[in-house]
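Chemist: I'd like to go over a predicted model; first the sequence, then the structure.
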Amino acid sequence: MTPSTTQSPAPTRPSGAAEAIDAAPILARVAQYWRVQGLSDDALIASLSDDCLQQARRLVGRASAEQLLRRSLEEAQRRFDHALANAMGLPPSNDPHPLAAARAALMLTPGFSADCLFAHDEATRQLKDRLQACLPRNTPPESPIDMKPALLRFWLFQSTAR
């Protein structure tokens, strides 16, 4: 009898162990999103970014870095929209237009920091008054116009009236 040769099995991951995902690039992208939205306080940005990443981890469990980044950015957008809606006094709705208008007004206001959305102080309460003038109006204001009654003439049917 010849001794049989045994090959060592390929290295495997222990069951239940997830691949560690480097959180630094994800946190950097979420922080960049917050800065684009107008936040400037680094401590607030770091705290919000970390909260969004933790919520995304709870939602996706074991996932790829791309899925975790996508969920983190979705959570950041949801938190920003929720804070803006609260500050503007917008009721919960499925209509995205009022919130989109408020977001546009916030971004078009020069020299304004979105940090106050998360401060919950007097600046947050004044936000609605400040942005009200910048909100887009979809119709011109009504103005009464004198209209003279006009007789309707159906020129199309004139040739058949003989």
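Modeler: In hand now; what should we look at?

Chemist: Low-confidence regions, the chain specifically.
Modeler: For the chain, the stretches flagged by pLDDT under 70 are 1-19, 138, 156-162.

Chemist: which residues of it fall in helices?
Modeler: 23-36, 42-60, 65-88, 97-108, 122-132 (DSSP state H).

Chemist: among those helices, which is nearest Ala150?
Modeler: Judged by C-beta to C-beta, the one of these that comes nearest to Ala150 is helix 97-108, at 36.3 Å. Every residue, glycine included, has its C-beta placed from N, CA and C.

Chemist: tell me what that closest one is packed against?
Modeler: Applying 3 or more C-beta pairs under 8 Å, 6 or more residues apart in numbering; DSSP states H and E, we find helix 97-108 packed against helix 65-88, helix 122-132.

Chemist: List the buried residues for that helix?
Modeler: Leu99, Ala101, Ala102, Arg103, Ala105, Leu106 (16 or more other C-beta atoms under 10 Å).

Chemist: With stretch 116-136 instead?
Modeler: Those would be Cys116, Leu117, Phe118, Thr124, Leu127, Leu131, Leu135, for stretch 116-136 by 16+ other C-beta under 10 Å.

Chemist: of those, closest to Gln77?
Modeler: Gln77 lies nearest to Leu117 out of the buried residues of stretch 116-136, by C-beta to C-beta, at 13.1 Å.

Chemist: For that closest one, give its distance to Arg71.
Modeler: 21 Å (C-beta to C-beta, to the nearest Å).

Chemist: what's the answer for Ile45, then?
Modeler: For Ile45, the distance to Arg71 - C-beta to C-beta - is 18 Å.

Chemist: what do you get for Leu27?
Modeler: Per C-beta to C-beta, Leu27 is found 13 Å from Arg71.

Chemist: Cool, thanks, signing off.
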